[in-house]
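**Q** return atomic coordinates for the entry below.
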Amino acid sequence: MSSDKECRPEIHYPCPWQYRLIGEEEAAMRAALAECIDVERCVLSEGNRSSGGRYMSLQVELIVMSEEERLGLYRCLADHAAIKMVL
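**A** Numbers count the residues shown, from 1 in each chain. Predicted coordinates for the structure are as follows:
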């Protein structure tokens, strides 16, 4: 049986990384982003809106320096109440 380490892609740091944030209110999502990441480091763009208009997404691009930073940013964003999902 393969271990998780054998199945994981090899990522060389620093590297560009993207997070897609999904939530209901753009202003609250931007505030959550500012709590987790220095927004000066990011390129932020609007993504799609759901057909009913309830949900929207923001695309966040930045350079991550390590796996610890990448995973820490993911956890901070995913744990925030204004963000429903992080991809």
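**Q** what are the bridge partners for Leu58, then?
**A** Applying DSSP bridges to Leu58 yields these beta-bridge partners: Leu21, Glu46.
**Q** Gly47 is in contact with that one, correct?
**A** Yes. Leu58 lies in contact with Gly47 (CB atoms under 8 Å); the separation is 6.0 Å. C-beta: built from backbone N, CA, C; applies to glycine.
**Q** give the intersection of the neighbour lists for the two.
**A** Taking CB atoms under 8 Å, 6 or more residues apart in numbering as the criterion, Leu58 and Gly47 both touch Arg20.
**Q** so those two - more neighbours on which side?
**A** Leu58 (20 against 13; other CB atoms under 10 Å).
**Q** now stretch 28-47: how far from the chain's centre is it?
**A** 9 Å (CA atoms, centre = their mean, to the nearest Å).
**Q** centroid residue for this protein?
**A** Tyr19 (2.9 Å; CA atoms, centre = their mean).
**Q** next one, pLDDT for it please.
**A** At Tyr19, the model reports a pLDDT of 97.
**Q** repeat for the one 5 residues further on
**A** Note for Glu24: predicted pLDDT of 96.
**Q** list the residues that contact it.
**A** By CB under 8 Å, 6+ apart, the contact list for Glu24 reads 54-56, 84.
**Q** quick one: these as JSON lines, columns for pLDDT and secondary structure too.
**A** Listed next are these as JSON lines, based on pLDDT from 0 to 100; DSSP: H, G, I helix; E, B strand; the rest coil:
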{"residue": "Arg54", "pLDDT": "94", "secondary structure": "coil"}
{"residue": "Tyr55", "pLDDT": "96", "secondary structure": "coil"}
{"residue": "Met56", "pLDDT": "96", "secondary structure": "strand"}
{"residue": "Lys84", "pLDDT": "97", "secondary structure": "coil"}
